[in-house]
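# Dropping the sequence and predicted coords here.
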Amino acid sequence: MQPQKGLTAMGTQIALCDVRGPLADLLEKVSGEDGEQWFGGLKRFLRKENPWEPIIFKALKTIRLGTHKNVKALKSAITDAGFHISDWANDILGKRAFTIASKETSIDLMTATVEELGFKEATRYDAICARIRELGYELCPAEVGPQLRLQYQDQPLNEWLVIAMEAISVSDGSLYVFSVRHLDDGQWLDTYRGSPGSLFNPFYRFVFTRRKSR
């Protein structure tokens, strides 16, 4: 009788039949409701990282969503507080894809640079978003951009934050995401290109949110 072919690991023969069960279990998990998290853990394992060790990023703020009844009221609150809204940010606020929460709710915001997310060189926006999800976090609702601008009055000078969110198409067809910045010209609700291939250098700092527990 021919011995069953197998894999050799550290001097131990592993039969292929012993591998099929765990692989089938992994495939079921990856294709299930929490598949994105399991797939992220698999990729971390293949990079020789501990897939179950949570990576804790810096907490930025807890802010409130749904504080204004409509977009017009939210925009007025921002400008009345002395903040500026750039042309492209104003364009996004007028798009149907931009919505505000129907009732007040709080959201915890985290922040990390592209380098802290694990990238050592200029990286595509879609890869950054995938990495955020892989690490157990989520992209922000679009409302986070203007609400963070309004509720982050003590933003340090020279800080520029990019909101990790589903990009919104502006009037010329380009995809943009919100940014919140404080430079010499004041405190702004601004934008940054958010097409999948848009590149961000390692020093760019992103804002994202905790994954909601089920």
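That came through fine.
# burial count for Asp80?
Using other Cβ atoms under 10 Å, Asp80 has 9 other residues around it. For the C-beta atoms, the positions are set from N, CA and C on the backbone; glycine is no exception.
# And it, its phi and psi?
When read as degrees, to the nearest 10, the backbone of Asp80 gives phi -60, psi -30.
# So what's the residue count around Lys124?
In this structure residue 124 is Arg, not Lys. 15.
# Please apply the same query to Phe119.
A count of nearby residues for Phe119, using other Cβ under 10 Å, gives 18.
# quick one: it and Ala127 touch, right?
Yes: the pair Phe119 / Ala127 is scored as a contact, 7.4 Å apart, by Cβ atoms under 8 Å.
# where do the strands sit along this structure?
6-9, 12-15, 58-65, 84-85, 105-113, 123-124, 137-138, 159-163, 168-169, 175-183, 186-193, 199-200, 205-210 (DSSP state E).
# Count the residues that sit near Gly82.
Neighbours around Gly82, by other Cβ under 10 Å: 9.
# which phi and psi does it have?
When read as degrees, to the nearest 10, the backbone of Gly82 gives phi 90, psi 10.
# Leu161 contacts Val180, doesn't it?
Yes: in this structure, Leu161 is within contact of Val180 by Cβ under 8 Å, at 4.7 Å.
# what residues do those two have in common as contacts?
Contact criterion Cβ atoms under 8 Å, 6 or more residues apart in numbering; residues shared by Leu161 and Val180: Leu148, Val207.
# So, low pLDDT: which residues of the chain?
Applying pLDDT under 70 to the chain flags the ranges 1-26, 28-30, 32-54, 213-214.
# Show me it divided up by domain.
6-46, 58-210 (automatic domain parsing).
# now, of those domains, which is deepest in the fold?
domain 58-210 (a mean of 17; mean count of other Cβ atoms under 10 Å).
# got the end-to-end distance for that one?
11 Å (Cα to Cα, to the nearest Å).
# In the chain, which residue is most central in space?
Leu139 (3.5 Å; Cα atoms, centre = their mean).
# Surely it and Ile132 touch.
Yes: using Cβ under 8 Å, Leu139 is in contact with Ile132, at 6.6 Å.
# got any residues that touch both of the two?
What both Leu139 and Ile132 touch, as defined by Cβ under 8 Å, 6+ apart, is the set Ala164, Phe208.
# can you tell which of the strands of the chain is closest to Arg96?
Nearest to Arg96 among these is strand 168-169 (9.3 Å), distances taken as Cβ to Cβ.
# strands paired with that closest one, and their directions?
Pairing partners of strand 168-169, with direction, according to DSSP bridges: strand 175-183 (antiparallel).
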